[in-house]
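Student: structure for the following, please:
(chains A, B and C)
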Amino acid sequence: MQDKKALQEEKLKQEEKYMWAIVDGVKEKVGNFRVEPPGLFRGRGEHPKLGKLKRRIRPSDVTINIGKDAPIPECPIPGESWKEVRHDNMVTWLAFWNDPINQKLFKYVFLSPSSSLKGQSDKEKYEKARMLKDYIGNIRAAYTKDFTSKDGAKRQIAVATYLIDKLALRAGNEKEDDEADTVGCCTLKVENVQAIAPNSLEFNFLGKDSIRYENTVEVEVPVYKAIIQFQAGKRGNDDLFDKLDTSKLNAHLKELMPGLTAKVFRTYNASITLDNILNKETREGDVSEKLVVYQHANKEVAIICNHQRTVSKSHDAQMSKLMEKIGGLQGTLKELKTDLDRVRKGKPPLEDANGKRKRNLTPEALEKKIANTTEKIEKMEADMRTKEDLKTVALGTSKTNYLDPRITVAWCKRHEVPLEKIFNKFLLEKFAWAMDVDFDFRF
DNA sequence: GCCAAGACTTGGAATAATATTG
DNA sequence: CAATATTATTCCAAGTCTTGGC
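Tutor: As a prediction, the model looks like this:
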């Protein structure tokens, strides 16, 4: 125990010198500055490179990027030295090396999400998503019109944009053969979509991280017809959108709004959904009731974005344990009620399970106990429902990446909910830029 | 237009730390 | 106080999108 603590402090001391960077005169926290240890590549889903050896990264693999006059960070391994030291102020990375599994890819050291640099670009991301509010009406009108365009490419762009908007699908870049076989909107295959009369579409595909997207939705009739037409004469494995890729799609989107790309729709839809639900469903009441509303809104967003998690191994055990506890409480509740009846009739309380005599309690005291127990049961039942409800839903990703923090901060200010009930330490730091938002901010 | 390189954002699981409970 | 449950942190990717060369 003592050893562990000492070891941890030792490690911290060792690493301290790599944890900070001076950027434009300001001390900022550095993000992930450790290289990964050697090991076997796992990857996610059915990855062709599964099990490949991931070699050790040495200082001679690492390129450093610092100011011209900045002191070069000490190389942590005596006798070795950095591959290169650059002075590029057009990029934000502090160091990079080639990914040992795929030499074409890079691993970067960036500033921490809590840094002002990242905070600024985070804010810009949400401002862009908010800008989409002013354009979305026209954009929707335009793609609706193009559902029936004579131009096949136009029709595909229109339908793809519709899916990205309505279903929050990812753009879907092309992938190499040595990567897991997953798709996004532009890379959907014919077999990933089933038309179900009269106008529904059943989606089933593996998306990012090989997470399955399964959803059946009613769509506008022209979309339904267009999909059937895109599928006509093709095999299951053929591209649904054969005249489309992400660069064409994004080029088109940029004509509709400056800076617009496919991912902006995810941010926009996530944030506006949170804002809408919070403002529709929040009632006067205590903090815990308001938190339930927030969690519900958060869950809706996670479902839209298909943020899933695997059910924890101990989920069932935890549930039955809760059941057991509730059962026990219901037993004592029944006993209390019996005793209350008896006491009111001037009889002594029943003996307990062990045959022992119980203390004589006044009816008032018994009533109070009954109320307490009932409340406890209700709370546990609510907890259980929430637990079951959220067992496959991951709430964290949307909080970190998709929900404009100013929505949450302003809502907390309006409804006197302590922000710490919703944002943990990491999020409070990451969203420092959003803290002074006005209480009446709306996305 | 297309492709590859490069840079930056988004992602769930595993693990560690902490809180809760019996 | 030990066993468990919960939460925070770390880990290790896997996406998106831009740019620059042809």
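
Student: surely A:His296 and A:Glu281 touch.
Tutor: Yes - the pair A:His296 and A:Glu281 passes the contact test of C-beta atoms under 8 Å, sitting 7.1 Å apart. C-betas here are computed from N, CA, C, even on glycine.

Student: got the phi and psi for the spatially closest residue to A:Arg86 that is not a sequence neighbour?
Tutor: Ranked by C-beta to C-beta, 6 or more residues apart in numbering and with sequence neighbours excluded, the top spatial neighbour of A:Arg86 is A:Asn65, at 4.9 Å. Main-chain torsions, A:Asn65, degrees, to the nearest 10: phi -120, psi 110.

Student: show me the contacts for A:Asn65.
Tutor: By C-beta atoms under 8 Å, 6 or more residues apart in numbering, the contact list for A:Asn65 reads A:Val85, A:Arg86, A:His87, A:Asp88, A:Val91, A:Trp93, A:Leu94, A:Ala95, A:Phe96.

Student: apply 7 Å and report the result again.
Tutor: A:Arg86, A:Asp88, A:Val91, A:Trp93, A:Leu94, A:Ala95 (C-beta atoms under 7 Å, 6 or more residues apart in numbering).

Student: show me which of these neighbour DNA strand B.
Tutor: For DNA strand B, the contacts drawn from these by C-beta under 7 Å from any atom of the strand are A:Asp88, A:Val91, A:Trp93.

Student: tell me how far the closest residue to the first one other than its chain neighbours lies from DNA strand B.
Tutor: When you say that, I think you mean A:Asp88. If the residues on either side of it in the chain are set aside, A:Asp88 comes closest to A:Asn65, at 5.5 Å by C-beta to C-beta, 6+ apart. Separation of A:Asn65 from DNA strand B (C-beta to the nearest atom of the strand, to the nearest Å): 8 Å.

Student: ok, stretch A:231-249 near DNA strand C or not?
Tutor: Yes - counting by C-beta under 7 Å from any atom of the strand, DNA strand C has neighbours in stretch A:231-249: A:Thr246, A:Ser247.

Student: who touches that stretch?
Tutor: A:152-153, A:156-157, A:160, A:171-174, A:186-193, A:230, A:262.

Student: next one: stretch A:167-177
Tutor: A:163, A:182-188, A:207-208, A:215, A:217, A:245-246, A:249, A:262-263, A:265-266, A:269, A:304-305.

Student: and DNA strand C, is stretch A:297-316 touching that?
Tutor: Yes - judged by C-beta under 7 Å from any atom of the strand, stretch A:297-316 and DNA strand C are in contact via A:Ser314.

Student: show me the shaky parts of chain A.
Tutor: A:1-11, A:350-361 (pLDDT under 70).

Student: re the thing from before, out of the contacts of stretch A:231-249, which end up buried?
Tutor: Neighbour-count burial (16 or more other C-beta atoms under 10 Å) is assigned, among these, to A:156-157, A:160, A:171-172, A:186-190, A:192-193, A:230, A:262.

Student: can you flag which of the contacts of stretch A:167-177 belong to helices?
Tutor: When those are checked against helices (DSSP state H), the matches are A:Leu163, A:Thr246, A:Leu249, A:Ala262, A:Lys263, A:Phe265, A:Arg266, A:Asn269, A:Ile304.

Student: what are the ranges of the strands in chain A?
Tutor: A:20-23, A:26-29, A:39-40, A:53-54, A:63-65, A:84-86, A:95-98, A:106-109, A:193-196, A:200-206, A:212-218 (DSSP state E).

Student: gap between the second one and the chain center?
Tutor: I take that to be strand A:26-29. Mean-position distance between strand A:26-29 and its chain equals 27 Å (C-alpha atoms, centre = their mean, to the nearest Å).

Student: swap in the last one?
Tutor: Counting by C-alpha atoms, centre = their mean, strand A:212-218 is centred 19 Å from the centre of its parent chain.

Student: in its sheet, what does it sit against?
Tutor: strand A:200-206 (antiparallel) (DSSP bridges).

Student: now do the buried residues in the strand it pairs with.
Tutor: Those buried within strand A:200-206 under the rule 16+ other C-beta under 10 Å are A:Leu201, A:Phe203, A:Phe205, A:Leu206.

Student: go on, stretch A:428-443?
Tutor: Residues of stretch A:428-443 classed as buried: A:Leu428, A:Lys430, A:Phe431, A:Trp433, A:Ala434, A:Val437, A:Phe441, A:Phe443 (neighbour count, 16+ other C-beta under 10 Å).

Student: how many other residues sit next to the nearest residue to A:Phe230 once chain neighbours are set aside?
Tutor: Nearest in space to A:Phe230, with sequence neighbours left out and distances taken as C-beta to C-beta, 6+ apart, is A:Leu240 at 5.4 Å. The number of residues packed around A:Leu240, counting by other C-beta atoms under 10 Å, is 23.

Student: likewise for A:Gly285?
Tutor: 11.

Student: kindly report the same for A:Glu284.
Tutor: With other C-beta under 10 Å as criterion, A:Glu284 counts 7.

Student: roughly how far apart are it and A:Phe441?
Tutor: The gap separating A:Glu284 from A:Phe441 is 20 Å, by C-beta to C-beta, to the nearest Å.

Student: quick one: the residue most central in space within chain A from A:Leu240, how far?
Tutor: In chain A, the centroid-proximal residue (C-alpha atoms, centre = their mean) is A:Thr397; its distance is 1.4 Å. Distance from A:Thr397 to A:Leu240, counting by C-beta to C-beta: 26 Å.

Student: hang on, A:Val223 packs against A:Tyr162?
Tutor: Yes - at 5.9 Å, A:Val223 and A:Tyr162 qualify as touching, with contact defined as C-beta atoms under 7 Å.

Student: per-domain residue ranges of chain A.
Tutor: A:15-112, A:117-260, A:266-310+A:393-434, A:315-389 (automatic domain parsing).

Student: can you tell me which of these is most buried?
Tutor: Of all the domains of chain A, domain A:266-310+A:393-434 has the most neighbours on average by mean count of other C-beta atoms under 10 Å, namely a mean of 18.
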